[in-house]
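A.B. asks: Just need the structure, nothing else, for what follows:
(one chain, ligands or ions: 1)
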Amino acid sequence: MNSSTSTCALYLCPGQQDFTLRDISTFVTQLQQNGLISEAITERENSFFAGQRFLDYVAYMGCSPAIQFEASDTSKNFCHIKIHQYDTAKLIVSQKQSRAPHCPNCNRPVKDWLHNKTEETIRCNLCNTTANIGDFNWRKMAGYARVFIEITDIFPKEAIPQQILLDKLTGICKTDWLYFYSCQ
Ligand SMILES: [Zn+2]
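C.D. replies: Sure thing, here's the model as predicted:
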């Protein structure tokens, strides 16, 4: 695994931007029971080793991926899972390989979005529509939510969450889940 992948991650988040977990420890137990995650990583908050069914849930492209699931002597970066929860919806947007979000009204890419953004909205300078951040199409390179599952050390499109994982999360949370990639 080269250094360019070390700061990229695959994120899963609810499509419903206001969705929040009532109890993060119950959610953790459910993810452990489903085999997405295993034990907590003691020195990192809300972080977990990959579970025994991880590779059923996340499909890696390419012939033989060398996925590192634990820290080694040569590298402290390894694939693990981190749960993030925020009091209000947060935009996690890729700093590298970023894409302009598409306006929900005119459907054109809004290159200047950062200059027309408030906490909750973006104004499209092409058609002068102001819409909620979550209504823009971020083309899988950003997400706007209060809860995120981050799977570290995954380069955009290097691995794809399988429908079975999205279905499990939907079953647990009673809300649809999406995914995207972010590189910092
Ligand atoms: Zn527009």
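A.B. asks: Let me see the confidence value for residue 157.
C.D. replies: Looking at residue 157, its pLDDT reads 89.
A.B. asks: Please verify my assumption that it contacts residue 61.
C.D. replies: Yes: taking contacts as C-beta atoms under 8 Å, residue 157 lies within contact range of residue 61: 6.8 Å. Heads up, the C-betas are built off the backbone N, CA and C, glycines and all.
A.B. asks: which residues of the protein fall in helices?
C.D. replies: 24-33, 54-57, 163-173 (DSSP state H).
A.B. asks: Can you lay out these as TSV showing distance to residue 118, mean pLDDT and mean neighbour count?
C.D. replies: Converted to TSV, the helices of the chain look like this (distance: least, C-beta to C-beta, whole Å; pLDDT from 0 to 100; neighbours: other C-beta atoms under 10 Å):
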stretch	distance to residue 118	mean pLDDT	mean neighbour count
helix 24-33	28	97	14
helix 54-57	36	96	18
helix 163-173	27	97	16
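A.B. asks: what is in contact with residue 157 and residue 61 at once?
C.D. replies: Listed as contacting both residue 157 and residue 61 by C-beta atoms under 8 Å, 6 or more residues apart in numbering is no residue at all.
A.B. asks: Would you mind giving the domain segments of the chain?
C.D. replies: 3-95+140-183, 100-137 (automatic domain parsing).
A.B. asks: worst average pLDDT in those domains?
C.D. replies: domain 3-95+140-183 (a mean of 92).
A.B. asks: Point out the residues in this protein that sit beside the ion.
C.D. replies: 103, 105-106, 124, 126-127, 129 (C-beta under 5 Å from the ion).
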